[in-house]
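K.L.:
have a look at this prediction, sequence included:
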Amino acid sequence: KKNEILNEAEFSGIVPRTEFYGSQTSDRKICYVVDCSGSMKPVFRFVKEKLSESVNALAADQFFAVIFFGNGRIEHFPFDGLARASVKNKCAAIEFVDSIKAAGTTNAVDALERSLGIDGVQTVFFLTNGFELEGEGQADLEIESLAGKTSGEVKINTIGFWPQKRDIEILKLIADRTSGEFIFVT
């Protein structure tokens, strides 16, 4: 029945709401930015399952990208830009998601900057369990810089996995400054 509803929505030109950990959007151009640092290991299998479900539910007239960050690296599907949410591209993205392992440290700011550099992105789903920044002043400057780069054109919905108090403040700040929403996952 769910597939019939999605097919009807695609046929009628209505974009279904895209959901990831309770955060939702009706935008057509989406980027998932997901923490794959070592601290995510205990929950990473569940995160990948939810991400795969969300990608699989995208309508054919939507576009998407997936960015993982951790261990000093950024992994991006497709390599650059957005992919149409065709069956072929969604299957390739899910294989990509399955191949990612959690390890290393967090480099969230670089990953967010990468997502904001993708032409046409309307909504970013940003999932992390925290930041590894030099100090509170540094965090404020980097977040201020990121918020300025969106020019109000990109909404960042932040999803925090057991973040510390300071990380919650940063995630809320990102969401507030970009007209996004903050979701706390326990």
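P.N.:
Received the coordinates, thanks. Numbering: from 1, shown residues only.
K.L.:
ok, now which ones touch the residue positioned nearest the centre of the chain?
P.N.:
Geometric centre of the chain, nearest residue: residue 32, 2.5 Å, by Cα atoms, centre = their mean. Residues in contact with residue 32, defined by Cβ atoms under 8 Å, 6 or more residues apart in numbering, are 20, 51, 54-55, 64-67, 124-125, 127. Backbone N, C-alpha and C define where each C-beta goes, glycine included.
K.L.:
what are the bridge partners for it, then?
P.N.:
Beta bridges link residue 32 to residue 66, residue 125 when assigned by DSSP bridges.
K.L.:
circling back: can you redo the contacts of residue 32 as JSON lines with neighbour count and distance to residue 118?
P.N.:
Formatted as JSON lines, these follow (neighbours: other Cβ atoms under 10 Å; distance: Cβ to Cβ, whole Å):
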{"residue": "20", "neighbour count": "24", "distance to residue 118": "17"}
{"residue": "51", "neighbour count": "22", "distance to residue 118": "17"}
{"residue": "54", "neighbour count": "19", "distance to residue 118": "17"}
{"residue": "55", "neighbour count": "25", "distance to residue 118": "16"}
{"residue": "64", "neighbour count": "24", "distance to residue 118": "10"}
{"residue": "65", "neighbour count": "23", "distance to residue 118": "6"}
{"residue": "66", "neighbour count": "25", "distance to residue 118": "11"}
{"residue": "67", "neighbour count": "21", "distance to residue 118": "9"}
{"residue": "124", "neighbour count": "27", "distance to residue 118": "9"}
{"residue": "125", "neighbour count": "28", "distance to residue 118": "13"}
{"residue": "127", "neighbour count": "25", "distance to residue 118": "17"}
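K.L.:
TSV please, covering those and showing pLDDT and distance to residue 163.
P.N.:
Below are those laid out as TSV (pLDDT from 0 to 100; distance: Cβ to Cβ, whole Å):
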residue	pLDDT	distance to residue 163
20	96	17
51	98	18
54	98	20
55	98	24
64	98	25
65	98	24
66	98	21
67	97	19
124	97	17
125	97	15
127	95	11
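K.L.:
and the strands in the protein?
P.N.:
18-20, 23-25, 29-35, 63-70, 73-77, 83-84, 123-128, 155-161, 182-185 (DSSP state E).
K.L.:
now the residue lying closest to residue 160 once chain neighbours are set aside: how far from residue 155?
P.N.:
The shortest distance from residue 160 to any non-neighbouring residue, by Cβ to Cβ, 6 or more residues apart in numbering, is to residue 171 (4.8 Å). Distance of residue 171 to residue 155, given as Cβ to Cβ, to the nearest Å: 14 Å.
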